[in-house]
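Participant: need coordinates for the following:
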Amino acid sequence: MAAGTKATELRELNDENLVDKLREAKEELFNLRFQAATGQLENHGRLKAVRKDIARIYTLMRERELGIETVESA
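Facilitator: All right, here's what the predicted structure looks like:
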């Protein structure tokens, strides 16, 4: 995933692709945590960005589940 995936990009994906993105982000977070624990992590800001991406995906999935329509500001 790109650093700081935009919510508008995620909204364009269907449910299956969204689940794939979530799986990829969780794998990346695991790898980053492993690198941090072993002292090999170079970019600590990436941990925060991946966690936020995961939260965005979960939020979008919940919105779809509840049928909430969001208005994007230009």
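Participant: alpha carbons only for contacts and neighbour counts from here, please
Facilitator: Noted.
Participant: quick one: what helix or strand has the closest residue to H44 other than its chain neighbours in it?
Facilitator: For H44, ignoring the flanking residues on the chain, the nearest one in space by C-alpha to C-alpha, 6 or more residues apart in numbering is A36 at 8.0 Å. In this structure, A36 sits in helix 15-38 according to DSSP states H and E.
Participant: the helix or strand that that helix is followed by: which residues count as buried?
Facilitator: Note on helix 15-38: by DSSP H and E, the next helix or strand toward the C-terminus is helix 45-66. Neighbour counts using 16 or more other C-alpha atoms under 10 Å place R46, L47, A49, V50, D53, I54, R56, I57, L60, M61 of helix 45-66 among the buried residues.
Participant: report the rounded mean pLDDT for helix 45-66.
Facilitator: Average pLDDT, helix 45-66: 94.
Participant: that helix to helix 15-38, inter-axis angle?
Facilitator: Helix 45-66 runs at 150 degrees relative to helix 15-38, counting by axes from the mean of the first three to the mean of the last three C-alpha atoms, to 10 degrees.
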